[in-house]
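Undergrad: Mind folding the following:
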Amino acid sequence: MSDRLNELQRQRAIIQGHLAWLDSEIAAAQGSIPTALPSLASFQPQAPTPPVPSTIATPAAPYQDADELIAKFGTDTKSSAQSARRGCFLVFALSLLLLGLIVYGLYRYSRSLHENTEGPESKTMPASPAKR
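TA: Presented below is the predicted three-dimensional model:
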């Protein structure tokens with residue numbers, strides 16, 4: 001037989017054993033005695049599961065509905081959307097202000113560099129009486 005066929009037969013045996021166990025648990029819960037217990041020979045051993053602690057911490061006030069949790073811990077989506085929009089406009093305005101300051105600073109810097117290279121004719125000097 002092929003490996004795939006062996007694996008499929010093994011899985012079917014595991015599932016049949018699990019179904020038999022479920023039938024016995026259902027019969028035990030109903031109060032009747034199970035007719036046949038499942039054969040555990042087909043099961044492979046599994047790693048032991050850690051024991052469940054007997055005292056599990058329960059919340060002080062269990063919530064019955066998810067809407068209560070959302071109301072208690074949720075945020076208002078309208079106000080958060082408005083605050084995000086307000087923040088975007090504020091960042092945009094500050095960016096424009098910064099850009100304006102940079103352009104003004106470059107203008108003043110370039111003007112101060114070219115101020116010294118201008119000739120004496122461009123400065124306002126009192127006109128001499130001969131040029132009148």
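
Undergrad: in the host helix or strand of residue 5, what's buried?
TA: Using DSSP states H and E, residue 5 maps to helix 3-30. The neighbour-count check on helix 3-30 (16 or more other C-beta atoms under 10 Å) flags 17, 20, 24 as buried. Heads up, the C-betas are built off the backbone N, CA and C, glycines and all.

Undergrad: Domain boundaries for this protein, per the record?
TA: Domain ranges of the chain: 1-43, 76-117, per automatic domain parsing.

Undergrad: Serialize the ones you listed to JSON lines and add fields for mean pLDDT and distance to residue 67.
TA: Shown next, in JSON lines, are these (pLDDT from 0 to 100; distance: least, C-beta to C-beta, whole Å):
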{"stretch": "domain 1-43", "mean pLDDT": "80", "distance to residue 67": "33"}
{"stretch": "domain 76-117", "mean pLDDT": "91", "distance to residue 67": "15"}
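
Undergrad: ranges for the helices of this protein?
TA: 3-30, 66-73, 77-115 (DSSP state H).

Undergrad: pull the CA atoms of the shortest one into PDB?
TA: Taking only C-alpha atoms (Å, rounded to 0.1, in the frame of the first residue of the first chain), the coordinates of helix 66-73 have been written out as PDB:
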ATOM      1  CA  ALA A  66     -20.600  42.800  23.200                       C
ATOM      2  CA  ASP A  67     -22.400  46.200  22.800                       C
ATOM      3  CA  GLU A  68     -21.800  46.900  26.500                       C
ATOM      4  CA  LEU A  69     -18.100  46.300  26.000                       C
ATOM      5  CA  ILE A  70     -18.000  48.500  23.000                       C
ATOM      6  CA  ALA A  71     -19.900  51.200  24.900                       C
ATOM      7  CA  LYS A  72     -17.500  51.000  27.800                       C
ATOM      8  CA  PHE A  73     -14.100  50.700  26.100                       C
END
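
Undergrad: tell me what that helix is packed against?
TA: With contacts defined as 3 or more C-beta pairs under 8 Å, 6 or more residues apart in numbering; DSSP states H and E, helix 66-73 has no helix or strand neighbours.
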